[in-house]
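Undergrad: here are the coordinates; sequence isn't available:
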């Protein structure tokens, strides 16, 4: 700064709404949002999730309407997560390889409804399919094994790509899975299918409502700290991102969101690649609880937190508030 008060008055540009709009450094648009949707079995189902007020599980026949809604709001991508029936879950998660599973049917329903007007991002991990709730295969001692899990994740990725997925998003945190998936996609001719790697996914207390939503909460045996990251670590996140980019990831994700804005910023500054953040279920639930208790205005909390992701350097945000935020932005 070369000037000083009173020649310099920083409040001048804040004095009127038009001026604040003119000088705003960070913009939030519906195109910055990815809308996660939960898919369940049955027909004509809209099943509210108690721990995620305002969020429901949808049967496949109702996913197309959500896709058309996304188009009308300007939301470019849907992220799909299945609530696999318990009788289809097993120790090895073999339902993930079924070409007619919930995920694959939902992908096709979105494409049938809107074609290429909305992208489909699919979760790659075994926790929605295993009877033990872990993201991978476990040995006799209950340890999640890496390389054998990667083999299944590759098959799961090819299954989803064949169904029409546009973005494969491995959330499992196994070592080497991005390279293996990229090689398999290339080998199968899926040259334009993107990989958005959950590169820095932390072992977090903020995932509880999500596990309710996909039906794995009551099944989880043990914890996920042997593969998800320690929340005290930041340098390790940069190593994880570097590895995933080297293996062929097109973009990376930081998860959870608000408690890890420093990681978003560091990744963006270090690698200058598309970085996405996931405003996870616990973050969403806290905003809803605060609004319900009268501790804050819901609309203001939603827009402020989502803008914070963009300000930190996120190219986009996965958020359960996507549709609501898009409506507010669109006026």
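TA: Done, it's in. These numbers were taken from a predicted model, which means no experiment stands behind them. Numbers count the residues shown, from 1 in each chain.
Undergrad: any weak-confidence spans in the chain?
TA: Low-confidence segments of the chain (pLDDT under 70): 1.
Undergrad: Which helix runs longest in it?
TA: helix 147-163 (DSSP state H).
Undergrad: For the next helix or strand after that one, which residues meet the burial criterion?
TA: Once the chain leaves helix 147-163, the next helix or strand it forms, by DSSP states H and E, is strand 167-170. If you call a residue buried by 16 or more other Cβ atoms under 10 Å, then strand 167-170 has these buried ones: 167, 168, 169, 170. Quick note: C-beta positions are derived from backbone N, CA and C, even for glycine.
Undergrad: I'd like the residues you listed as CSV, with distance to residue 319 appended.
TA: Output for the buried residues of strand 167-170, formatted as CSV (distance: Cβ to Cβ, whole Å):
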residue, distance to residue 319
167, 16
168, 20
169, 15
170, 20
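Undergrad: which among those residues gets closest to residue 329?
TA: Closest to residue 329 out of the buried residues of strand 167-170 is residue 167 (22.6 Å), distances taken as Cβ to Cβ.
Undergrad: From one end of stretch 138-154 to the other, what's the distance?
TA: 17 Å (Cα to Cα, to the nearest Å).
Undergrad: what do you get for stretch 219-236?
TA: 29 Å.
Undergrad: burial count for residue 73?
TA: 19 (other Cβ atoms under 10 Å).
Undergrad: Surely it is in contact with residue 328?
TA: No - in this structure residue 73 lies outside contact range of residue 328 using Cβ atoms under 8 Å: 10.4 Å.
Undergrad: Which parts of the longest helix of the chain count as buried, going by neighbours?
TA: Those would be 149, 150, 152, 153, 154, 156, 157, 158, 159, 160, 161, 163, for helix 147-163 by 16+ other Cβ under 10 Å.
Undergrad: and those residues as CSV, adding distance to residue 240?
TA: Shown next, in CSV, are the buried residues of helix 147-163 (distance: Cβ to Cβ, whole Å):
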residue, distance to residue 240
149, 17
150, 15
152, 21
153, 16
154, 19
156, 20
157, 19
158, 24
159, 25
160, 22
161, 23
163, 28
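Undergrad: Can you tell me which of those is nearest residue 129?
TA: Using Cβ to Cβ, the buried residues of helix 147-163 come closest to residue 129 at residue 156, 8.4 Å.
Undergrad: Now do the same contact list for that closest one.
TA: 96, 97, 124, 126 (Cβ atoms under 8 Å, 6 or more residues apart in numbering).
Undergrad: Any chance of a ChimeraX selection covering the buried ones in these?
TA: Selecting only the buried entries of the contacts of residue 156 in ChimeraX, with 16+ other Cβ under 10 Å as the criterion:
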select :96,124,126
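Undergrad: what's the most distant pair in the contacts of residue 156?
TA: 97 and 124 (11.7 Å).
Undergrad: Do a quick rundown of the helices in the stretch 201-331 of the chain.
TA: 208-213, 235-246, 261-271, 281-292, 298-312, 322-330 (DSSP state H, counting those that start in this stretch).
Undergrad: so of those helices, which one's packed in deepest?
TA: Among these, ranked by average contacts under mean count of other Cβ atoms under 10 Å, first place goes to helix 208-213 (a mean of 21).
Undergrad: Show me what that one is packed against.
TA: helix 281-292 (3 or more Cβ pairs under 8 Å, 6 or more residues apart in numbering; DSSP states H and E).
Undergrad: just checking, what packs against the helix it packs on?
TA: helix 208-213, helix 298-312.
Undergrad: quick one: which of those helices is nearest residue 139?
TA: helix 208-213 (22.5 Å).
Undergrad: neighbouring contacts of the closest one?
TA: 38, 49-52, 55, 57, 81, 83, 133, 217, 220, 280-282, 284-285.
Undergrad: cutoff 7 Å now
TA: 38, 49, 51, 52, 57, 83, 217, 220, 280, 281, 282, 285 (Cβ atoms under 7 Å, 6 or more residues apart in numbering).
Undergrad: ok so, going back, can you lay out the helices of the stretch 201-331 of the chain as a markdown table showing distance to residue 87?
TA: Shown next, in a markdown table, are those (distance: least, Cβ to Cβ, whole Å):
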| stretch | distance to residue 87 |
| --- | --- |
| helix 208-213 | 19 |
| helix 235-246 | 35 |
| helix 261-271 | 39 |
| helix 281-292 | 25 |
| helix 298-312 | 38 |
| helix 322-330 | 32 |
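Undergrad: Am I right that residue 264 is in contact with residue 277?
TA: Yes - the criterion here is Cβ atoms under 7 Å, and residue 264 meets it with residue 277 at 5.4 Å.
Undergrad: Mind listing the shared neighbours of those two?
TA: Taking Cβ under 7 Å, 6+ apart as the criterion, residue 264 and residue 277 both touch 254, 309, 314.
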